[in-house]
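S.K.: Structure of the sequence below:
(chains A and B)
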Amino acid sequence: MDAASIIMVFAALSGLYMAWSIGANDVANAMGTSVGSGALKFSHAIMIAMVFEFAGAFFAGGTVSQTVGGGIIHLRVFEENALLLAAGMTGCLLAASSWLHFASYWGIPVSTTQSIVGAVIGLGLVVGGPAAVDGRAVFTVGVAWVLSPLLAGWLSYLCFQHLARHVLGSSDPLARIRRVGPILVGVIVSSLVLGVIFRGNASLRLSLELGTSALIAVPIGAAAAFASMPVFRRLASRKAESLPDQVRMAERVFQLLQIVTACYLAFAHGSNDVANAIGPLAAIFHALHDGISQTVDVSSSVLLVGAVGILLGLASYGYKVMATIGRGITALTPSAGFSAVFAAATVILFGTKLGLPVSASHIMVGAVIGVGLARSVAAINISLLRSILVSWVVTVPVTASLAAGLAWGAQYLL
Amino acid sequence: MRIPLTRLIARNPFPSVTDLMARVVACCDDVPVLIDALIQGDQATVVTMAKQISTKECACDAAKTALRDALPSGLFMSVDRRDLLQLVSQIDDIADCAEDVGVLLTLRPFTVPPPLVEPLRELLHEVLETVRISAEVVANVDVLLASGFGGAVAKETMALISQLGRQEHEADKRQDRTAKILFQQEDVISPVSIFMWSKVLNKIGDMANHAENVGDRVRLFLAK
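M.R.: Down below sits the predicted model:
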């Protein structure tokens, strides 16, 4: 076995491990809100997560993977040394995984996305100095990291305000939800379809323009909305006695909508986070097979590795994490949960289509605070925000240093 | 766990508040039973009921303390934390008054002067109705989360709180009338009896007063 094969095996294992880790930890966190409110039976949550995370990763994970693999640092600094690139990128995966392990063990909130991006930056700095880092790209990603939680918070606030004013706070909540429910289903289904076909998996010829994508997505969404109308009519039919009872019944209808948003979030999460595992992997495979070029082609097989890794993580460990989280989050009402998850999924998917690696975890936190500001969450532990801010400052330098160290070692050995 | 949402979203305290209110109502429901036993002259039952009310009030205290312990200061809440704590305090005070009624009636042998029997029963009815309405107001608080403390549910809750105020006013008038009837007996029954019955009537009235305060606290949630 030559050095390239050994490194490729190592790389594949590291990428798989990272994907496994994402499935085991991050997915459960995202799906936990739907489980906790009683909207989803636990077993169904796992099935939804599996199907939609896979779909998101496989059909839409290419754009962000391309950025993480080839858009953060200028790959030409490797000067055709494909082995060094492969070793260095593997080092990035190892560096990010180690930091994630350490932080999780000590209960420090941490972002997978920030970890891997930091590591890649570190790799670039060691191999080619500051010029190796694509300053504009890194700046854009940094801005996205700051803006995306704020955007998610704003969107979830607006969403809940609208629902509170026009549905749950109205004098006839059940009649309103019968009208609004299908519209929400239609919007989410359209977004999912858009997610698949707009700038999707090019090798499957699923990468269409915005106009064409919309022409396909909107009718499908409308069809889903019409199909869901009888369901809402059945669920929100009984005229309950008192207004508070009607509101409680309307909230139970939101549990159905939470199932739809859970699918949406799983898809969006898979589309953005799979890049954290296979972005470096795609760069490695591309370099070893086709030589080093700036644009990294993310092949379907690499996406498959990531998607399968996430599934394995979910099946082997993630279900345990989900159960724990589900038991702990009972304070998010279905309508608040719906608003937060809908906003988070939309912002994550938006980031994916822009090719930006964003932190799904931070976006979820932003969305929850957004609904909290709309007075729909009983109590939010904001002292946690302090530790989140600390991890913001610490993560990128730490993973950059770790990856830099490993890359320096690789340079020395190769 | 990356960013544990379980740590971010703290436990919802409102169901515990509704729970506490239910316990307090159960406590208050024993007071008419105690008074009836007193009217019948059944001293043994009076003592038993007084002990039962005391036990229930103790459980209410424990629930109140548990609730307070679950509200650390690092929380961002949909209602003002201090307002919530004061609401819990007022709810617990209703049970305290019920317990005091029981305790007072066991301090010495009491007989109910015949002219006082009907007015006393009617007073209790009005007071318990006040407590019942305040329990309904508290039960609405959890639902208010769904509408962000606005909308039609909030308006309905406000109307309920106004109704609570009117009901408490009725209870007050009843209390005054009952006190007048009591003092009409001042030449017939001993001064000590007058004094003690006065205290008992005040305590019964206080139950309604605290119930009205409960409504006022919830009104603060809606105003913000």
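S.K.: hmm, the helix or strand hosting residue A:305 touching chain B?
M.R.: Per DSSP states H and E, residue A:305 falls inside helix A:300-313. No. With C-beta under 8 Å from any C-beta of the partner chain as the measure, helix A:300-313 is seen stopping short of chain B, the closest distance being 12.6 Å. The C-beta positions use only the backbone N, C-alpha and C, and glycine is treated the same way.
S.K.: what does the helix or strand following that helix contact?
M.R.: Once helix A:300-313 ends, the next helix or strand along the chain (criterion: DSSP H and E) is helix A:319-328. Helix A:319-328 has contacts (C-beta atoms under 8 Å, 6 or more residues apart in numbering or on different chains) with A:24-25, A:27-29, A:31-32, A:35-36, A:42, A:45-46, A:49, B:1, B:4-6, B:9.
S.K.: Helix A:319-328 vs helix A:300-313, what angle?
M.R.: Counting by axes from the mean of the first three to the mean of the last three C-alpha atoms, to 10 degrees, helix A:319-328 points 60 degrees away from the direction of helix A:300-313.
S.K.: what's the distance between residue A:353 and residue A:276?
M.R.: With the distance defined as C-beta to C-beta, to the nearest Å, residue A:353 ends up 17 Å from residue A:276.
S.K.: Residue B:16: what's it in contact with?
M.R.: For residue B:16, the contacting residues are B:63, B:66, B:67, B:70, by C-beta under 8 Å, 6+ apart.
S.K.: Which residue comes closest to the second one once chain neighbours are left out?
M.R.: Once flanking residues are discounted, residue B:66 sits nearest to residue B:16: 7.3 Å by C-beta to C-beta, 6 or more residues apart in numbering or on different chains.
S.K.: And the pLDDT at that neighbour?
M.R.: If you check residue B:16, the pLDDT there is 93.
S.K.: Excluding chain neighbours, give the residue nearest to the residue in the stretch 151-300 of chain A that chain B sits nearest to in space.
M.R.: Residue nearest to chain B within the stretch 151-300 of chain A (C-beta to the nearest C-beta): residue A:169, separated by 1.8 Å. Counting by C-beta to C-beta, 6+ apart, residue B:151 is the residue found nearest to residue A:169 once chain neighbours are left out, at 1.8 Å.
S.K.: Give the burial count for that neighbour, as a bare number.
M.R.: In terms of burial, residue B:151 registers 22 neighbours under the definition other C-beta atoms under 10 Å in any protein chain shown.
S.K.: My understanding was that it contacts residue A:172; is that so?
M.R.: No. Between residue B:151 and residue A:172 no contact is recorded; they are 11.2 Å apart, counting by C-beta atoms under 8 Å.
S.K.: Mutual contacts of those two, please.
M.R.: In contact with both residue B:151 and residue A:172: no residue, using C-beta under 8 Å, 6+ apart.
S.K.: Count the neighbours of residue A:301 for me.
M.R.: Residue A:301 is flanked by 10 other residues according to other C-beta under 10 Å.
S.K.: which ones are touching it?
M.R.: Residue A:301 sits next to no residue when contact means C-beta under 8 Å, 6+ apart.
S.K.: cool, residue A:391 as well?
M.R.: The neighbourhood of residue A:391, defined by C-beta under 8 Å, 6+ apart, consists of A:103, A:108, A:109, A:110, A:111.
S.K.: helix/strand/coil for the third one?
M.R.: In other words, residue A:109. Using DSSP: H, G, I helix; E, B strand; the rest coil as the criterion, the local structure at residue A:109 reads coil.
S.K.: quick revisit: wouldn't the residue of the stretch 151-300 of chain A closest to chain B be in contact with residue B:144 here?
M.R.: No. In terms of C-beta under 8 Å, residue A:169 does not count as a neighbour of residue B:144; the distance is 9.4 Å.
S.K.: what number of residues lie near residue 78?
M.R.: I'll assume chain A. Residue A:78 - counted by other C-beta under 10 Å - has 23 other residues nearby.
S.K.: Can you look at chain B instead?
M.R.: Summarising burial for residue B:78: neighbours were counted as other C-beta under 10 Å, giving 25.
S.K.: what's the answer for residue A:340, then?
M.R.: Residue A:340 has 35 neighbours, counted by other C-beta under 10 Å.
S.K.: Secondary structure element holding it?
M.R.: For residue A:340, the secondary-structure element it belongs to, assigned by DSSP H and E, is helix A:334-353.
S.K.: one step back: just the buried ones among the contacts of residue B:16, please.
M.R.: The neighbour-count test (16 or more other C-beta atoms under 10 Å in any protein chain shown) marks B:63, B:67 as buried among the contacts of residue B:16.
S.K.: can you list the contacts of residue B:16 in TSV and add pLDDT and distance to residue A:337?
M.R.: Converted to TSV, these look like this (pLDDT from 0 to 100; distance: C-beta to C-beta, whole Å):
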residue	pLDDT	distance to residue A:337
B:63	94	27
B:66	94	26
B:67	93	24
B:70	88	21
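S.K.: Between the contacts of residue B:16, which sits nearest residue B:204?
M.R.: Within those, proximity to residue B:204 (C-beta to C-beta) peaks at residue B:63, which comes in at 23.1 Å.
S.K.: On the three-state scheme, the closest residue to residue A:59 other than its chain neighbours is what?
M.R.: Counting by C-beta to C-beta, 6+ apart, residue A:59 lies nearest to residue A:196, which is 4.7 Å off, once chain neighbours are set aside. Using three-state DSSP as the criterion, the local structure at residue A:196 reads helix.
S.K.: Number of residues surrounding residue A:196?
M.R.: Look at residue A:196: counted by other C-beta under 10 Å, it has 22 neighbours.
S.K.: How about residue B:65?
M.R.: When neighbours are counted by other C-beta under 10 Å, residue B:65 registers 12.
S.K.: just residue A:351 next, same as before
M.R.: One way to gauge burial is a neighbour count; for residue A:351, by other C-beta under 10 Å, it gives 27.
S.K.: Alright, calling it a day.
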